[in-house]
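Engineer: pasted the sequence and its predicted model underneath.
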Amino acid sequence: MDPSKDTQNYALERRYENPLVEKFEAEAAVNLSIASKEPDMTKAQIEALDAAIYGAGKGASTEFLRAVLDGYEKKYSAALVHLDNAVDNAGADSSDKYAAYYKAFYLMNRGVLRAEMIDFIASMQNNVQVLTMDDTHNTRARVKEQATTQYDYSEAIADLEAAAATVGNLPYIYFDLGNLYCLASEHISSIENYTKAIRLYPYMGDAYFNRGLVLIYLKDKEKGCIDLSRAGELGVQDAYAVIKKYCEEEKE
């Protein structure tokens, strides 16, 4: 018996399926999939994707694809421009009855991109070096003291909320909303959105994992540890290290 085969079968049986998502992916000029982690791509693969997108013509879907590739390469400003264009042009073809639904996908990605831009800026600010001069007139570099800053995720959240208002049955929107509300320190809203994601797709291990972490942060270890255990069962390996740190001590 091959354990890896059982794992693959388990994943296939519980793979998230949504006709609208599948239609959107099938119509794209390149292969698309919803994922919580970016794939590792070689320079040649990136160039091949760039060429395929360049040859796809114009329109909202092409702008979206360009944004995805620019975002992967950390070209955030260019990616945001393309996503703005995709959102603005999503309803240009009034004969396409799916245009409004596809716009939700563009809003979803724009919200996530805006959050990534904020996190990138925050990481840069926390690693700034400044020069000082001592009493011997020698210059020394030191890392600037980190300041506690509350970043504004309201635009990113608004994009995700607008996407949810259009496509209310997509669990990944609520998962992303859960993450954004957590970053904004709105933990109750964060938990509520992770719960919505789980209701729509009970096999989303990452949603259980993140909700468990927030619950533990809010001192609700019992419920948090149950979520982490379920996340581990669904294949989130990081859950076991957190369980060992917080939940086994609770049992003792």
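Structural biologist: Nice, I can see it. Residues are numbered from 1 along each chain as shown.

Engineer: domains of this structure?
Structural biologist: 14-125, 168-252 (automatic domain parsing).

Engineer: need the winner for burial among the ones you listed.
Structural biologist: domain 168-252 (a mean of 19; mean count of other CB atoms under 10 Å). C-betas here are computed from N, CA, C, even on glycine.

Engineer: so how far is that domain off the chain centroid?
Structural biologist: In terms of CA atoms, centre = their mean, to the nearest Å, the centre of domain 168-252 is set 15 Å apart from its chain centre.

Engineer: what is the mean pLDDT for it?
Structural biologist: Taken as a whole, domain 168-252 carries a mean pLDDT of 93.

Engineer: just use 154 as the starting number from now, easier for me
Structural biologist: New numbering, starting at 154: the last item is domain 321-405.

Engineer: sorry, back to before: out of the domains of the chain, flag the one nearest residue 306.
Structural biologist: domain 321-405 (4.5 Å; CB to CB).

Engineer: what ranges do the helices span in the chain?
Structural biologist: Remark: helices assigned in the chain by DSSP state H are 156-166, 172-180, 196-207, 213-225, 229-242, 252-278, 307-319, 324-336, 340-353, 358-370, 374-386, 391-395, 401-404.

Engineer: reformat the ones you listed as TSV; add distance to residue 190.
Structural biologist: TSV is the format used below for the helices of the chain (distance: least, CB to CB, whole Å):
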stretch	distance to residue 190
helix 156-166	15
helix 172-180	17
helix 196-207	16
helix 213-225	12
helix 229-242	18
helix 252-278	13
helix 307-319	19
helix 324-336	13
helix 340-353	17
helix 358-370	9
helix 374-386	15
helix 391-395	12
helix 401-404	27
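
Engineer: pipe the domains of the chain into JSON lines and attach distance to residue 308 per row.
Structural biologist: Output for the domains of the chain, formatted as JSON lines (distance: least, CB to CB, whole Å):
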{"stretch": "domain 167-278", "distance to residue 308": "6"}
{"stretch": "domain 321-405", "distance to residue 308": "10"}
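
Engineer: stretch 191-207: how far from the chain's middle?
Structural biologist: On CA atoms, centre = their mean, the centre of stretch 191-207 falls 20 Å from that of its chain.

Engineer: and residue 357, what is it in contact with?
Structural biologist: By CB atoms under 8 Å, 6 or more residues apart in numbering, residue 357 lies in contact with 169, 324, 328, 350, 351, 387.

Engineer: ok, and the closest non-adjacent residue to residue 310?
Structural biologist: Once flanking residues are discounted, residue 310 sits nearest to residue 333: 5.1 Å by CB to CB, 6 or more residues apart in numbering.

Engineer: one more: residue 237?
Structural biologist: residue 263 (7.4 Å).
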